[in-house]
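> Turn this into a structure:
(one chain, ligands or ions: 2)
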Amino acid sequence: MSADTTFANQDAARLIAAARRITVKIGSSLLIDGGGEDVRRAWLRTLGADLSALRGAGKQIVVVSSGAVALGRGKLGLKKSPRLDLKQAAAAAGQPRLMAAWDDAMAAAGIPTAQLLLTVDDTESRRRWLNARATIEVLLAEGALPVVNENDSVATEELRYGDNDRLSARVAQMVRSDVLILLSDVDGLYTADPARNPAAEHLPWIEEIDARIEGFAGGAGAAGVGTGGMRTKIAAARIARSVGCATIIAKGHDQHPLRALGDGARATVIAACGSPAGAYKQWIAGTLTPAGALIIDEGAVRALAGGKSLLPAGVRAVQGAFERGVCLRVVDEGGREIARGLSAYTSAEAQAIKGCVSARIAERLGYAGPDEIIHRDDLVLM
Ligand SMILES: Nc1ncnc2c1ncn2[C@@H]1O[C@H](COP(=O)(O)OP(=O)(O)O)[C@@H](O)[C@H]1O
Ligand SMILES: N[C@@H](CCC(=O)OP(=O)(O)O)C(=O)O
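Numbering: from 1, shown residues only. Ligands and ions are numbered 1, 2, ... in the order given. Prediction:
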């Protein structure tokens, strides 16, 4: 083992030790036995024990699990085929089996699981994105393990990820993970596919994803149950990197794969650029076009400067017609822009609750809503 490799392995372990939130993606080839008949249950229980240990160390975990299509093919007796309708039918048949296996494995660790099936729409449309994020937040707060997969059965050819690598990067972005772990049948990126080229060299640490790195990454082998190969893993790492999340590509086949990683097993680490919180705030302040404005009073200006959320009580006026989840300018009564943030309410709702204390929101709207009109996590001082 080269000195370089040891350095990067320690980095993978260090990244995991320092992380607050981790998204773990598990490829089909790990979960399913050779014939696609059943889940590798004993192995999955050891992964469940590792996830439980990470949670015991204070980390919040979201899982992205592949396997529905391979399991569904086994269940329906279908052969591997590029036809989308057959994949969709297989996913529909395999998903309940996949979740039952997760439920079983996590029950042994005393952790309830929860299924989320997402499409590209859910990660690209801001409103649905915020809703999915809110659901995951509640599940994490309640101590459940969210298990995400693509909703293959309803996705269309144009509107589907088709691989869970990129979906997992979007999920990592959504929940602001510090680390994305892609568990695969290979212990990282090599200079060529090691299954075809025994002289390929392992890359322990990648600082930037350039054309050279992309050139190394090949597709998946035709015979296996995996899709995408290293190409989609590097595409995922590119997304994760840009939102301040480091990516670890590691071998997951043996028992207790996450414990092994924490103990220094070989992997490829792709460095993050900045932090998840920084990237999120940069996105709000620098990328989104504001769809309206909230004019706030002196007390609210002081509260925001003190790191608080914006409550309806401090809002004097609402400008523009907007949907929930859009970016708003927050302006003082002298016209100075104080902050930008994502609105928890539509413009009509904001008009109805402006100036009112949070306890009276339900009375004004006729239904309950968040106490904050812009939560401090979604707010950037300008
Ligand atoms: N440069 C490379 N380094 C490592 N593996 C590679 C490379 N290029 C292609 N691969 C292939 O990618 C496969 C892993 O991807 P995939 O089969 O999609 O697995 P998963 O089910 O974990 O997503 C490896 O088994 C390997 O054959
Ligand atoms: N959504 C699909 C997984 C697609 C996918 O990316 O598979 P894999 O390359 O094994 O992670 C399924 O559940 O089978």
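> outside of stretch 131-142, which residues touch it?
Stretch 131-142 is contacted by residues 60, 62, 114, 116, 118, 122-123, 145-146, 174-175 when judged by CB atoms under 8 Å, 6 or more residues apart in numbering. All C-beta atoms are positioned from the backbone trio N, CA, C, and that covers glycine.
> Hmm, I typed the wrong one, I wanted stretch 283-301.
Contact with stretch 283-301 is made by 243, 304, 310-311, 313-323, 326-333, 338, 340-343, 347, 350, 354, 373-374, 378-380, 382, as judged by CB under 8 Å, 6+ apart.
> switch the cut-off to 6 Å
If you take CB atoms under 6 Å, 6 or more residues apart in numbering as the criterion, stretch 283-301 is touched by 314-320, 322, 326-332, 338, 340, 347, 380.
> repeat for stretch 212-221
Stretch 212-221 has contacts (CB under 6 Å, 6+ apart) with 191, 193, 195, 206, 226-231, 234.
> same question, stretch 31-49
For stretch 31-49, contacts defined as CB under 6 Å, 6+ apart pick out 67, 70, 73-74, 101, 105-106, 108-109, 225, 255-256.
> cool, stretch 245-256 as well?
12, 15, 30, 43, 46, 50, 172, 177, 179-183, 185, 187-188, 233, 237, 240, 261, 267-272, 276.
> okay, how far is it across it, tip to tip?
Taking CA to CA, to the nearest Å, stretch 245-256 runs 23 Å from one end to the other.
> which stretch of helix or strand covers the residue of the chain most remote from its centre?
Farthest-out residue of the chain from its mean C-alpha position, per CA atoms, centre = their mean: residue 334, at 39.9 Å. In the assignment (DSSP states H and E), residue 334 maps to no helix and no strand.
> how near is it to residue 296?
Distance, residue 334 to residue 296, by CB to CB, to the nearest Å: 11 Å.
> what does residue 145 give?
With distances taken as CB to CB, residue 145 is found 39 Å from residue 296.
> repeat for residue 128
In terms of CB to CB, residue 128 sits 28 Å off from residue 296.
> hmm, back to that, filter the contacts of stretch 31-49 down to just the ones in helices.
Among the contacts of stretch 31-49, the members found in helices (DSSP state H) are 70, 73-74, 101, 105-106, 108.
> so which of these are also by ligand 2?
Counting by CB under 6 Å from any ligand atom, residue 70 from the ones in helices among the contacts of stretch 31-49 sit close to ligand 2.
> which ones among the contacts of stretch 245-256 come in contact with ligand 1?
residue 185.
> which of the contacts of stretch 245-256 are buried?
12, 15, 30, 43, 46, 50, 172, 177, 179-183, 185, 187-188, 233, 237, 240, 261, 267-270, 272, 276 (16 or more other CB atoms under 10 Å).
> In strands, which of the residues you listed fall?
Per DSSP state E, strands hold the following members of those: 179-183, 267-270.
> now these as CSV including pLDDT?
What follows is these, written out as CSV (pLDDT from 0 to 100):
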residue, pLDDT
179, 97
180, 98
181, 98
182, 98
183, 97
267, 96
268, 97
269, 97
270, 97
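> Could you export the residues you listed as a markdown table, including distance to residue 211?
Shown next, in a markdown table, are these (distance: CB to CB, whole Å):
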| residue | distance to residue 211 |
| --- | --- |
| 179 | 25 |
| 180 | 22 |
| 181 | 25 |
| 182 | 21 |
| 183 | 27 |
| 267 | 23 |
| 268 | 17 |
| 269 | 20 |
| 270 | 15 |
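> Among those residues, which one lies nearest to ligand 2?
residue 182 (8.6 Å; CB to the nearest ligand atom).
> Please give me every residue in contact with that closest one.
Contact analysis of residue 182 by CB under 6 Å, 6+ apart lists 25, 233, 249.
> and of these, the nearest to ligand 2?
Within those, distances to ligand 2 taken as CB to the nearest ligand atom reach their minimum at residue 25, with 6.9 Å.
> Who does the closest one form a beta bridge with?
For residue 25, the beta-bridge partners are residue 64, residue 182 (DSSP bridges).
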